[in-house]
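> structure for this input, please:
(2 chains)
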Number of protein chains: 2
Amino acid sequence: MSILLEGAWIITQNENRETLRGDILIEDNQIVQVGEGISSEGIEERIDCSRKIIFPGLVNAHTHCAMGLLRGYGEGLPLKNWLAEKIWPAEAKLKPEDIYWGSLLGMIEMIRSGTTSFSDMYPVGMERMADAAGEIGMRAVLGYGMMDKPEGRNLEGELNRAKEMLGELGKANPRIKGSVSAHSLYMCSEELVKKGKELANENGMLFQMHVSETREEVFTLLSEKKMRPVQYLESLGVLDSLSLFSHMGWVTKKEIEIAGKNGVSVAHCPMSSLKLAVGDIAPISEFMEKGANVCLGTDGPASNNSLNMLESLKMSLLLQSHKYWDPTRFSVANAWDSATLNGAKALGIHSGEISEGKLADLVIVDALAANLKPLPADLRMIAYSINPSNITDMIIDGKFVMKEGKIEFVDEGMVLEKAEDVAHELLNR
Amino acid sequence: MSILLEGAWIITQNENRETLRGDILIEDNQIVQVGEGISSEGIEERIDCSRKIIFPGLVNAHTHCAMGLLRGYGEGLPLKNWLAEKIWPAEAKLKPEDIYWGSLLGMIEMIRSGTTSFSDMYPVGMERMADAAGEIGMRAVLGYGMMDKPEGRNLEGELNRAKEMLGELGKANPRIKGSVSAHSLYMCSEELVKKGKELANENGMLFQMHVSETREEVFTLLSEKKMRPVQYLESLGVLDSLSLFSHMGWVTKKEIEIAGKNGVSVAHCPMSSLKLAVGDIAPISEFMEKGANVCLGTDGPASNNSLNMLESLKMSLLLQSHKYWDPTRFSVANAWDSATLNGAKALGIHSGEISEGKLADLVIVDALAANLKPLPADLRMIAYSINPSNITDMIIDGKFVMKEGKIEFVDEGMVLEKAEDVAHELLNR
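Prediction:
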């Protein structure tokens, strides 16, 4: 299948992420040519994009997308109480079939807000999340969220569960990859973290954890181990470019250096950090300067409360300006890379930019909108001014998963209805 | 003209801003009945709202909407340089006709993101902004932005210009009201501030200023007058419930008390404060506790870069949680009031809630959307999860200004084209 997108404003990965006016040729699942006046001979589908902006699909580096089922549930509590009193009791009742519907709901929201790939860790139903991603056409990196500290769980059981899921994923769609996830240092034993990283290494896979999200977590570890989280993780030998740590707000300059030196990936989740009042704004401009691979995530929709990466992108920019009292500290290009190319790199996906040989994961935007005018359609408009109403089409792996506003491969109305039934039934279960 | 909106989820001003499932009857420009099973006998227009959420139109208490013409221009500089090197030189070339097109552009963006009323101060073309609001159907409070410190301007000239505009506005649409605006303490003499407030009082009008936006402004005043801005303004006798001060970030506890005691209105502009890296998050929960009337604004689209009040609403919530490390400090109802009822109160508009006798300024949302599911459609969904793609219709003053996504009273395509021409011509002028 070949598709020619003609005459668009294309957000490139050139210096300053300049806009190019031209065409994109897609063959099968790849971008094979980008430029002006590409010949349309023999092309199966030609699309007039003269009023469109096209950007590479956003990569949501950290979410728990099925938690949309619990969106708005238990609002307004401190993180620990919200988890212990509301979220965990509800999650304990979740069945794989719930995750299937919650995931489809979340994926529709992601598609409508510009995300083509995401990374998810969750303690239940990941095989059904893989099914959902397979059906709707998204790209995903999925990890069973191991934790051996809560009652009823143990190290061997968790590792076996993780392995089992990786086995199941092996049978799934090539767009879906496995990863190994250990929830956090406060929910996992030292042994589970080490064995988890070993399992990831054996499979050449990404290893993921929540790290330094709250002060309590940092100071508990400091009192128990006499080390801060990143130093402790270094001592366990789990710091390398195949490790992705989310949050990383409560870190010292020394920890930033260690993370940078080891080329660790950091998933910044600005909306959830603010909403849960954890108190930090992650120093992502410093992480970037020191060599870490800074990515962007929404976190789960229960602590955001959306899966809208465009909003997280804008806030990642504004919050660095605010944190350092300096609007030049973190550039639009820096933020853009964290939402696209860096996320793709962390997840091991050959996407995140519009150039020849990359996977055809693209977002198409109607530039003829009051909130995107009047200056030329460029990256600043995407970073600061866009909203989901501007997105009309999405291509993932060379296929339209949304076309002229219509979700192509699942029945959207049915998903909304089923997700609503599941959520109501779950909270009364 | 009578309109019956049937079977909607209605965001009410009840305790906790609970949702009511029912109908809204509009006659002429007023809401005349709200409840279940309102009779449709003799109604001219009935609208099935069974899949809709209806909320009162948002009130943008502080903006410079025509600055959309300069959206993205001169990005990434500190506030002072951005103003002095980029914005002011461009603004000096602005003609009233530019403001007309820039305003229409901004108003389309506001309508599409849920705003029915706004307050604007600007140093040029306010009469043409009034024309634009009149034509598109919005409600506006407009003030010529007086300043007598820059070269070429003087006190008498500024006051005369302000009076002249108020005279012009008197002839305009009843939806448009005048106000008196003095830019700031650093751009206006003490005499202009005092005379401006007198002029406002003579006309029973709102008086507006930018106050305590930057540290520099506060400390310059402190060194010159030995008083902080709010104390100084109190000494000038300009603090009362007909004064609206925007930003108010760099304030002391004492100033918060003074503002509260005098019932001053405060327009919080969270996005521009972050983007311009002014360093503060305004302590709006404290202002509210002390009795100030806290409102919400987007500020101009050149320092945001949008006019999306839904985004500012969400961020006002998240930033108070962040500022106080406490997600319970500022409630969803508090934030909601600041975006609706408090803004209406500050602007002297009888709107901001859906109840009998209020002006029919309403936003209609399609609740059947992945980002608003699955729990019941309530205020949390509007505060945290909505985006402009969910808004389908808007009623202002009892008339549909947007219906099923179509802007009714101006040609949207023509406005986008003209605004683009004007912006390009302006920057090459």
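> near chain B, which residues of the stretch 101-250 of chain A are found?
A:105-106, A:108-109, A:112-113 (C-beta under 8 Å from any C-beta of the partner chain). For every residue, glycine as well, the C-beta is placed using N, CA and C.
> and the buried ones among these, selectable in ChimeraX?
Applying 16 or more other C-beta atoms under 10 Å in any protein chain shown to those leaves a buried subset, and the ChimeraX line that selects it is:
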select /A:105,106,108,109,112,113
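> CSV for the residues of the stretch 101-250 of chain A next to chain B, including pLDDT?
Converted to CSV, those look like this (pLDDT from 0 to 100):
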residue, pLDDT
A:Leu105, 98
A:Gly106, 98
A:Ile108, 98
A:Glu109, 98
A:Arg112, 98
A:Ser113, 98
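> and of the residues of the stretch 101-250 of chain A next to chain B, the nearest to A:Asp48?
A:Asp48 lies nearest to A:Arg112 out of these, by C-beta to C-beta, at 22.1 Å.
> how far away is the closest one from B:Met315?
21 Å (C-beta to C-beta, to the nearest Å).
> now the residue nearest the centre of chain A. Nearest residue, chain neighbours left out?
Centroid-nearest residue in chain A: A:Asn60, 1.6 Å away (criterion: C-alpha atoms, centre = their mean). Nearest non-adjacent residue to A:Asn60, counting by C-beta to C-beta, 6 or more residues apart in numbering or on different chains: A:Phe118, 3.9 Å away.
> one more: A:Glu168?
A:Glu127 (4.6 Å).
> right, and that neighbour touches A:Pro96 too?
Yes - the pair A:Glu127 / A:Pro96 is scored as a contact, 6.7 Å apart, by C-beta atoms under 8 Å.
> compare those two (neighbour count), which wins?
Neighbours were counted for A:Glu127 and for A:Pro96 using other C-beta atoms under 10 Å in any protein chain shown; A:Glu127 has more, 19 against 13.
> ok, that one - contacts?
A:96, A:165, A:168-169 (C-beta atoms under 8 Å, 6 or more residues apart in numbering or on different chains).
> domain map for chain A?
A:2-57+A:351-407, A:58-347 (automatic domain parsing).
> just the endpoints, please. Distance across the shortest one?
Using C-alpha to C-alpha, to the nearest Å, the gap from the first to the last residue of domain A:2-57+A:351-407 comes to 20 Å.
> could you do stretch A:361-374 as well?
27 Å.
> buried set for the helix or strand hosting A:Phe219?
Element membership for A:Phe219 (DSSP states H and E) is helix A:215-225. For helix A:215-225, the buried set under the neighbour-count rule, 16+ other C-beta under 10 Å, comprises A:217-218, A:221.
> elements contacting it?
helix A:229-235 (3 or more C-beta pairs under 8 Å, 6 or more residues apart in numbering or on different chains; DSSP states H and E).
> dihedrals phi and psi, the closest residue to A:Glu36 other than its chain neighbours?
Spatially, and ignoring its direct neighbours in sequence, A:Glu36 is nearest to A:Gly22 (4.4 Å; C-beta to C-beta, 6+ apart). Main-chain dihedrals, A:Gly22, degrees, to the nearest 10: phi -180, psi -160.
> try A:Pro56
According to degrees, to the nearest 10, A:Pro56 has phi -70, psi 140.
> so what's it bridging to?
A:Leu362 (DSSP bridges).
> burial check on it, number of neighbours?
Count around A:Pro56 with other C-beta under 10 Å applied: 28.
> residues in contact with the lowest-mean-pLDDT helix or strand in chain A?
Across the helices and strands of chain A, mean confidence by mean pLDDT, DSSP states H and E is lowest for helix A:79-81: a mean of 79. Contacts with helix A:79-81, where a contact means C-beta under 8 Å, 6+ apart, come from A:213-214, A:216, A:276-278.
> one more time with 10 Å, if that's ok
A:74, A:87, A:186, A:213-214, A:216-217, A:272-273, A:275-278, A:303, B:327 (C-beta atoms under 10 Å, 6 or more residues apart in numbering or on different chains).
> any idea how far chain B is from A:Ser2?
Separation of A:Ser2 from chain B (C-beta to the nearest C-beta, to the nearest Å): 30 Å.
> neighbours of that residue, just the number please.
For A:Ser2, the count of nearby residues is 15 (other C-beta under 10 Å).
> and A:Ser40, by the same measure?
By other C-beta under 10 Å, 12 other residues sit near A:Ser40.
> tell me the secondary structure at it.
Following DSSP: H, G, I helix; E, B strand; the rest coil, A:Ser40 is assigned to coil.
> do you know the pLDDT at it?
As summarised for this prediction, A:Ser40 has a pLDDT of 93.
> does it touch A:Gln33 like I think?
No - applying C-beta atoms under 10 Å as the test, A:Ser40 and A:Gln33 come out as separate, 11.5 Å apart.
> now do the contacts for A:Val410.
Contacts of A:Val410 (C-beta under 10 Å, 6+ apart): A:104, A:107-108, A:132, A:135-137, A:401.
> A:Asn387 now?
A:Asn387 sits in contact with A:113-114, A:308, A:310-311, A:314, A:369, A:371-372, B:109, B:112-113, B:306, B:308, B:310-311, B:387-389, where contact means C-beta under 10 Å, 6+ apart.
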